[in-house]
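Participant: here is a sequence with its predicted model. Questions after.
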Number of protein chains: 2
Amino acid sequence: MIRFSVLYPKTDGASFDHDYYRDRHIPLVVATWGLDPANVSIEKGINGPYEAIAHFTFESPEALGAALSGEGMAAVGADVANYTTIQAVIQTSEIVS
Amino acid sequence: MIRFSVLYPKTDGASFDHDYYRDRHIPLVVATWGLDPANVSIEKGINGPYEAIAHFTFESPEALGAALSGEGMAAVGADVANYTTIQAVIQTSEIVS
């Protein structure tokens, strides 16, 4: 199993609309990728370097690759400006346990 | 619900023993904190800034605080040198969904 994480570093002068992210952006991603919502988790930072984090679970690197290269990603990318000016950090990992 | 994440940045010249981390260190943490293993997830980095990540789920900030200040944390800290020289980054987040 693969975990694809999108991490938004706390950034001076930047904004992040957590409500829009949860209620509009992540549902758009879930619909675009055809994900089971059980395979998505959203975090709002309390302490540490990140303002917000989203985790997506995929069966394989190939399934992740297909999602990232699929139709609809342009719309997902264009939606980012609606909730933040932060540049996200992307992590892909194997879920070991 | 609270997610406590320990992230190990890829670091030039540093080592990370993923087998020891999975088989020895995380079980020590789980035993020390009295966690349900279902509330723990371990990642091995494929792409992105992190070599390894562990996520721990707690019911509340108070439960996390009790774990971090409890007995046995000295032994947990002393065990780190057995698997890595990387300085971890710590993130605490509210699980929004």
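Facilitator: Thanks, I have it. Please read all numbers here as calculations on a predicted model, not as lab measurements.
Participant: who in chain A is up against chain B?
Facilitator: Residues of chain A lying close to chain B (CB under 8 Å from any CB of the partner chain) are A:2-3, A:5, A:18, A:22, A:26, A:37, A:40-50, A:53, A:61, A:89-97. For glycine as for every other residue, the C-beta is placed from the backbone atoms N, C-alpha and C.
Participant: so where do the helices sit in chain A?
Facilitator: Remark: helices assigned in chain A by DSSP state H are A:18-20, A:26-33, A:61-68, A:73-79.
Participant: re earlier: quick check on the residues of chain A next to chain B: which are buried?
Facilitator: Buried members of the residues of chain A next to chain B, counted by 16 or more other CB atoms under 10 Å in any protein chain shown: A:2-3, A:5, A:18, A:22, A:26, A:40-45, A:48, A:50, A:53, A:89, A:91-93, A:95-96.
Participant: among those residues, which ones are in strands?
Facilitator: A:2-3, A:5, A:40-45, A:50, A:53, A:89, A:91-93, A:95 (DSSP state E).
Participant: hmm, back to that, tell me the most buried of the helices of chain A?
Facilitator: For the helices of chain A, average neighbour numbers computed from mean count of other CB atoms under 10 Å in any protein chain shown are highest in helix A:26-33, which has a mean of 17.
Participant: could you give me the average pLDDT of that helix?
Facilitator: Regarding helix A:26-33, the rounded mean pLDDT is 97.
Participant: what is the orientation angle of it with helix A:61-68?
Facilitator: 110 degrees (axes from the mean of the first three to the mean of the last three CA atoms, to 10 degrees).
Participant: for helix A:26-33, packing partners?
Facilitator: With contacts taken as 3 or more CB pairs under 8 Å, 6 or more residues apart in numbering or on different chains; DSSP states H and E, helix A:26-33 sits against strand A:40-47, strand A:50-58, helix A:73-79.
Participant: swap in 10 Å and give it another go.
Facilitator: strand A:2-9, strand A:40-47, strand A:50-58, helix A:61-68, helix A:73-79 (3 or more CB pairs under 10 Å, 6 or more residues apart in numbering or on different chains; DSSP states H and E).
Participant: kindly format the C-alpha coordinates of it as CSV.
Facilitator: What follows is helix A:26-33, C-alpha atoms only, in CSV (Å, rounded to 0.1, in the frame of the first residue of the first chain):
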residue,chain,number,x,y,z
ILE,A,26,-10.8,17.3,-0.9
PRO,A,27,-14.2,16.2,-2.2
LEU,A,28,-13.1,17.4,-5.6
VAL,A,29,-10.0,15.3,-5.4
VAL,A,30,-11.9,12.2,-4.1
ALA,A,31,-14.3,12.5,-7.0
THR,A,32,-11.6,13.1,-9.5
TRP,A,33,-9.6,10.1,-8.4
